[in-house]
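>>> Here's my sequence, what's the structure:
(chains A, B, C and D)
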2 protein chains.
Amino acid sequence: MMELTRKGEYAIRGIVYLAKQAPGKVILVSEVAEATGVPQTFLAKIFQSFAKLGLVNSFRGTGGGFLLGRPAAKITLRQVVEAVEGPIIPNRCLTEDGSCIRENICTVHPVWRRVQGEIAAILDGVTLEDLARGE
Amino acid sequence: MMELTRKGEYAIRGIVYLAKQAPGKVILVSEVAEATGVPQTFLAKIFQSFAKLGLVNSFRGTGGGFLLGRPAAKITLRQVVEAVEGPIIPNRCLTEDGSCIRENICTVHPVWRRVQGEIAAILDGVTLEDLARGE
DNA sequence: CCATTTAAGACCGTTTTTGTCCTTTTTACT
DNA sequence: AGTAAAAAGGACAAAAACGGTCTTAAATGG
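Numbering: from 1, shown residues only, chains lettered A, B, ... in the order given. Take a look at the predicted model:
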């Protein structure tokens, strides 16, 4: 359970690869795809969504490509993961606006809340810089 | 991301309902299903898998039904969740036998290891007794 | 034997995942 | 201006997972 999807894994691989480049250097999706072993068109989609969120910047046309939208130290693993996988929600009842109708579920509610908080805290504490320079 | 499936939620609802009963009392699936709002045949499947693991005991025929396989205090939320959802694996690379081929993935590896450990610890710390008596 | 209740497995529709493919737009270079 | 190189965007599709249902068999008590 609680498994990251391929998309999530690909996203991390791809953006970490960008983080390893010299700041300001523009990289082709094709290069990232090959280097990380991710299907190119799939990775392109992922990077497009990153671009919309400002996680990466993109340039079209000849000489185009991608680079980080801000310094690697300012991008957390949580931001990357949530960008592709959505918010960290261990249980549906955490989604709702405070309405957890069933009582027996509600005793579990605070447990999931803790799980959510712990995961978020861990992922918040790791930046692309950390990951790029090998911990 | 990281969301519990319906099955997982149903499983918790169902077994917590059992945990709320007087010890030794045998309960019908139909009763549990109705009380918790879970589809009966689906819940039956879940309880069957619980029975195989000893989380519950079952009796067939007239007067049959289910009850906890051991005291509620001896069943953790983690055991319940893993019984239906499988082991807690935030990332595929944690499954493998130490082989995390890609280097950039491997810098992420210890992070997922921590996530795995934290979730496990939280769920280990909660028993059905806790959940049954309302935290 | 008969009604009841779980056990086991086959089956099935829907949604999500994991991509591919094609067209369009933007850009740089000649 | 024309062309080649990229990313942007959308449609499409196979495969897997999810969320169940249904049927038949086996056990049990009366």
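>>> which residues sit in contact with residue A:71?
With contact taken as C-beta atoms under 8 Å, 6 or more residues apart in numbering or on different chains, residue A:71 is in contact with A:23, A:129. Every residue, glycine included, has its C-beta placed from N, CA and C.
>>> Tell me how far it lies from residue A:35.
Between residue A:71 and residue A:35 the distance is 21 Å, computed by C-beta to C-beta, to the nearest Å.
>>> is the helix or strand of chain A with the lowest mean pLDDT up against DNA strand D anywhere?
Lowest by mean pLDDT, DSSP states H and E among the helices and strands of chain A is helix A:103-124, with a mean of 89. No - against DNA strand D, helix A:103-124 shows no contacts by C-beta under 7 Å from any atom of the strand, the least distance being 14.2 Å.
>>> helix or strand right after that helix?
Where DSSP states H and E defines the elements, the next helix or strand beyond helix A:103-124 is helix A:128-132.
>>> Look at the residue lying closest to residue A:25 once chain neighbours are set aside and give its secondary structure.
Nearest in space to residue A:25, with sequence neighbours left out and distances taken as C-beta to C-beta, 6 or more residues apart in numbering or on different chains, is residue A:67 at 6.3 Å. Using DSSP: H, G, I helix; E, B strand; the rest coil, the structure places residue A:67 in strand.
>>> What's opposite residue A:67 in the beta bridge?
residue A:57 (DSSP bridges).
>>> Please look at it and residue A:18 and confirm they touch.
Yes - using C-beta atoms under 8 Å, residue A:67 is in contact with residue A:18, at 6.2 Å.
>>> List the residues that contact residue A:54.
Neighbours of residue A:54 in contact, by C-beta under 8 Å, 6+ apart: A:69, A:70.
>>> And the strands in chain A?
Counting by DSSP state E, chain A has strands at residues A:56-59, A:65-68.
>>> How far away from the center of its chain is the last one?
Put simply, strand A:65-68 sits 15 Å off its chain's centre (C-alpha atoms, centre = their mean, to the nearest Å).
>>> Kindly format the C-alpha coordinates of that strand as PDB.
The C-alpha coordinates for strand A:65-68 follow below in PDB (Å, rounded to 0.1, in the frame of the first residue of the first chain):
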ATOM      1  CA  GLY A  65      14.500  22.500 -23.400                       C
ATOM      2  CA  PHE A  66      14.000  22.500 -19.600                       C
ATOM      3  CA  LEU A  67      15.700  23.800 -16.500                       C
ATOM      4  CA  LEU A  68      14.700  24.200 -12.900                       C
END
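>>> does it come close to DNA strand C?
No - contact between strand A:65-68 and DNA strand C, assessed by C-beta under 7 Å from any atom of the strand, is absent, since the two come no nearer than 10.8 Å.
>>> that older thread, which of residue A:67 and residue A:18 has more neighbours?
Taking other C-beta atoms under 10 Å in any protein chain shown, residue A:67 and residue A:18 do not tie; residue A:18 has more neighbours (24 against 17).
>>> Test my guess that that one contacts residue A:70.
No - judged on C-beta under 8 Å, residue A:18 makes no contact with residue A:70 at a distance of 11.5 Å.
>>> Look up how far DNA strand D lies from the spatially most central residue of chain A.
Taking C-alpha atoms, centre = their mean, the centroid of chain A lies closest to residue A:80, which sits 1.9 Å from it. Computed as C-beta to the nearest atom of the strand, to the nearest Å, the residue A:80 to DNA strand D distance reads 16 Å.
>>> Quick check: that residue touching residue A:15?
Yes - contact criterion C-beta under 8 Å: residue A:80 and residue A:15 qualify, at 5.7 Å.
>>> Quick check: neighbours shared by the two?
A:50, A:55, A:128.
>>> near DNA strand D, from the residues you listed?
Checking those against DNA strand D (C-beta under 7 Å from any atom of the strand), there are no matches.
>>> Specify which member of those residues is nearest to chain B.
Nearest to chain B among those is residue A:128, at 10.1 Å by C-beta to the nearest C-beta.
>>> picking that back up, which residues do residue A:67 and residue A:18 both contact?
With C-beta under 8 Å, 6+ apart, residue A:67 and residue A:18 have common neighbours A:27, A:56.
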